[in-house]
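Peer 1: my questions concern the predicted model and sequence given below.
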Amino acid sequence: MHMEAVTYFTWLHKELVTVPNFPAWVCDMCGRREFDSRAITWLNTLLNPAAGRSPSRKSRREPGVPSGEQPQT
């Protein structure tokens, strides 16, 4: 097997995403491709809909008070 830059194809919802020059191990005998695991992880991070967003903050509530009800003061 040898490392080669190939085009990676994946579906993101209903859209086909292509990534040129993606690293893959290619078999010298049959041409089978094994995509580099670090590159796959990196791509999944980039394609994640939550990428770049800060974690949402949940509103604080008092213990024992069901969600949606406000405590009486």
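Peer 2: Perfect, I can see it now.
Peer 1: which residues of this structure fall in helices?
Peer 2: Along the chain, the segments classed as helices by DSSP state H run 37-47.
Peer 1: pLDDT below threshold where in it?
Peer 2: 51-52, 55-73 (pLDDT under 70).
Peer 1: just the strands in it please.
Peer 2: 2-12, 15-26, 33-35 (DSSP state E).
Peer 1: and residue 45, how far is that from residue 27?
Peer 2: 27 Å (C-beta to C-beta, to the nearest Å). Quick note: C-beta positions are derived from backbone N, CA and C, even for glycine.
Peer 1: tell me how far residue 47 lies from residue 20.
Peer 2: Taking C-beta to C-beta, one finds residue 47 at 15 Å from residue 20.
Peer 1: need the residue closest to the centroid of the protein.
Peer 2: By C-alpha atoms, centre = their mean, the chain has its centre lying nearest to residue 44, at 2.7 Å.
Peer 1: that older thread, which one of residue 47 and residue 20 has more residues nearby?
Peer 2: residue 47 (12 against 8; other C-beta atoms under 10 Å).
Peer 1: now for that one: which residues touch it?
Peer 2: Counting by C-beta atoms under 8 Å, 6 or more residues apart in numbering, residue 47 touches 10, 12, 17.
Peer 1: bridging residues for the first one?
Peer 2: Taking DSSP bridges as the rule, residue 10 bridges to residue 17.
Peer 1: next, count neighbours for residue 24.
Peer 2: Residues near residue 24, counting by other C-beta under 10 Å: 19.
Peer 1: and if you look at residue 36?
Peer 2: 15.
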